[in-house]
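J.: build me a model from this:
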Amino acid sequence: MTQPHVERVAAWIARQGLAGASETTLLDGFCAECAAAGLPLSRAMLIIDTLHPIYEGRVFRWRNDGVAEEPMVEYGRTDTGQAAADWQSSIFYRMLSAGEEECRLRIAAEDAHPWKHLAELKTAGHTDYIAFVHRFSGESAIGEMDCLYSYWVTRDPEGFGEEGLAALRALLPALALAVKCASLARIAATLVEVYLGRDAGRLVLSGRIARGVTETIQAVLWFSDLHNFTTLADAAEPGEIIPLLNDYADAAISAVHAAGGDVMKLIGDGVLAIFKAEDPAEACRCALSAEADLRFRVAALNARRVAEGLPVTTVTLGLHIGPVSYGNIGSDDRLDFTVVGPAVNEVSRISSMCRSVDRGILVSSDFQAATPAPERNDLVSVGRYALRGVGRAQELFTIDPERL
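T.: Below you'll find the model as predicted:
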C-alpha cells in the first residue's frame, strides 16, 4: 500500500465513523478497502469490551474465503472458570501482561505454535499474523472497555511486508477510534434501556431530556409487588434477599416485555409498568396476557426455588387504565423519565388491596370496562372499596378463579 492508498483508506474510516457505521460495517469495509489498495488480508478479528449486564464484550470477525461464520459474537464474563483460563492463555492476555502493543508471528516460518488457533491458521494456508492492542486512556474507559484488541492475517507467501505493516500501524488507530465510537453508541442505548425502559430510553436518546417536557398519554398501568415481602425479608438470611428480589423481578419484567409493555420503575419489591396502544382494548389485552405469563413464570420459579431449599412467595398485581403525564421530572441535574398522575396512585392502591380481598390480581372498573370480549367475561366483581388517598370508592374486579 502506497501513501496515497493509506490516505484514501483513512478518509474512508473517517467518513464511516462520522456516519455512525456499526462495528461490523467498519471491519468489513476496512478489509475490503485494504484489499483493493493491495494489502492482502485473509482474516481479521476485533475484540472490544462493553458495559452490559450480561455480556462482557463483543468479537467481530471477517474472512475472505467464503466460509460462513457469525460476524459478531457476544461473550460473557472471563474472570472465572474455563473462560478465565482461555483468556489467560491468549495472545492478548500475554501482550497486556507484558505491556506490549504489537505482536507479529510469521506463521509459515515457525514449526510449533504455543496457541492452537495459530496452528489452525497455518494448516489453512495463512502465512503471517500480527496482533495489536490499542489502549484508551483511563479517563476515556467505560467500565472494562479500556482498549481494542485486533489481529490481522494474510495468505501472501511473502507475508505482510514492511509496507503492509506500516499501513496497518498507520490506519488502525483511526479504525480503533471509529469502532470505539460505535461501541459507545451501543453502550448508551443499552444503558438507557436497562435503567429507563425501552420506550423511555428511545425517547431520551432522541433528545427528550429537558426538564418538564412531558406528554399526556392514555395507558394501562401495572403495579405488582411481592406478597408478604417484609415478613419474608425479616426471616430470610441476609444474602438471600437480593437473589430473591432478582428472581421475582425478572419474572415480572420478562412478562411485561414479552407482552409489549414498558417497565417504568422498580420500587423496592414493586414493579411499575405501562402498556400503550392506540386502542385501549388492545393495551388491556396485552396487560392480561402479561399477567397470565407472569403466573406461569412464578410457578416455574417457585418450583425451582423449593427444589433448591430457598424461600418462595407470590406476586400480587393491580391493573388500571387512565391518563398520565409521561416524561422528564426532577431537577436540572437529576431527572427521572417516568409517569405521574392520579392514575398512578390509584393502581398502587389497587395492588395493595389484593391482600385485603385475598386475590392475586385486582383491576379497576375502568380497566374492566375497556377490556374487550372475551377477556372481559373472565373478570368478576369483588365489590366496592375505598382506596387510601383516592377520593371515590371503586368497584374492583379479579379474574374468575375458575378461569385460572
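J.: so which bits of the helix or strand hosting Tyr149 are buried?
T.: Taking DSSP states H and E as the criterion, Tyr149 maps to strand 147-154. Residues of strand 147-154 classed as buried by neighbour count (16 or more other Cβ atoms under 10 Å): 147-154. For the C-beta atoms, the positions are set from N, CA and C on the backbone; glycine is no exception.
J.: so among the residues you listed, where is pLDDT lowest?
T.: In terms of pLDDT, Cys147 ranks lowest among those, with 87.
J.: once you drop chain neighbours, what's closest to that one?
T.: Arg135 (4.4 Å; Cβ to Cβ, 6 or more residues apart in numbering).
J.: burial of that neighbour, as a residue count?
T.: For Arg135, the neighbour count with other Cβ atoms under 10 Å is 14.
J.: point out where the stretch 151-300 of the chain drops to low pLDDT.
T.: Residues of the stretch 151-300 of the chain meeting the criterion pLDDT under 70: 209.
J.: how about the helices in it?
T.: Taking DSSP state H, counting those that start in this stretch as the test, the helices found in the stretch 151-300 of the chain are 161-196, 198-205, 229-235, 241-258, 280-307.
J.: quick revisit: and the residue nearest to Cys147, what pLDDT?
T.: 90.
J.: separation between it and Ile13?
T.: Separation of Arg135 from Ile13 (Cβ to Cβ, to the nearest Å): 19 Å.
J.: got it, and Ser90?
T.: 26 Å.
J.: of these two, give the one with the bigger neighbour count.
T.: Using other Cβ under 10 Å as the criterion, Ser90 and Ile13 rank with Ile13 on top: 23 against 17.
J.: which parts of stretch 332-339 are buried?
T.: For stretch 332-339, by 16+ other Cβ under 10 Å, it's 335, 337-339.
J.: farthest-separated two in those?
T.: The most widely separated members of these, counting by Cβ to Cβ, are Leu335 and Val339 (13.9 Å).
J.: how far out from the middle of the chain is stretch 322-334?
T.: 24 Å (Cα atoms, centre = their mean, to the nearest Å).
J.: do the same with stretch 379-388
T.: Centre-to-centre, stretch 379-388 and its host chain are 39 Å apart (Cα atoms, centre = their mean).
J.: and for stretch 5-16, what's in contact with it?
T.: Outside stretch 5-16, the residues that touch it by Cβ atoms under 8 Å, 6 or more residues apart in numbering are 1, 25-26, 29-30, 33-34, 37-38, 167, 170-171, 174-175, 178.
J.: identify the residue nearest Phe132 in space, chain neighbours excluded?
T.: Ser150 (5.1 Å).
J.: tell me the bridge partners for the one you found.
T.: For Ser150, the beta-bridge partners are Leu46, Phe132 (DSSP bridges).
J.: same check on Leu226?
T.: According to DSSP bridges, beta-bridge pairing links Leu226 with Val315.
J.: least confident of the buried residues of stretch 332-339?
T.: Leu335 (80).
J.: buried residues, whichever strand or helix holds Arg355. List them.
T.: Assigned by DSSP H and E, Arg355 belongs to helix 354-357. Under the neighbour-count criterion of 16+ other Cβ under 10 Å, helix 354-357 has Cys354 buried.
J.: quick one: mean pLDDT for the helix or strand that that helix is followed by?
T.: Downstream of helix 354-357, the next assigned helix or strand under DSSP H and E is strand 361-364. For strand 361-364, mean pLDDT rounds to 96.
J.: pull out the buried positions in the helix or strand following strand 361-364.
T.: As assigned by DSSP H and E, the chain's next helix or strand after strand 361-364 is helix 365-370. Buried residues in helix 365-370, counted by 16+ other Cβ under 10 Å: 366-368, 370.
J.: right, I'll call it a day here.
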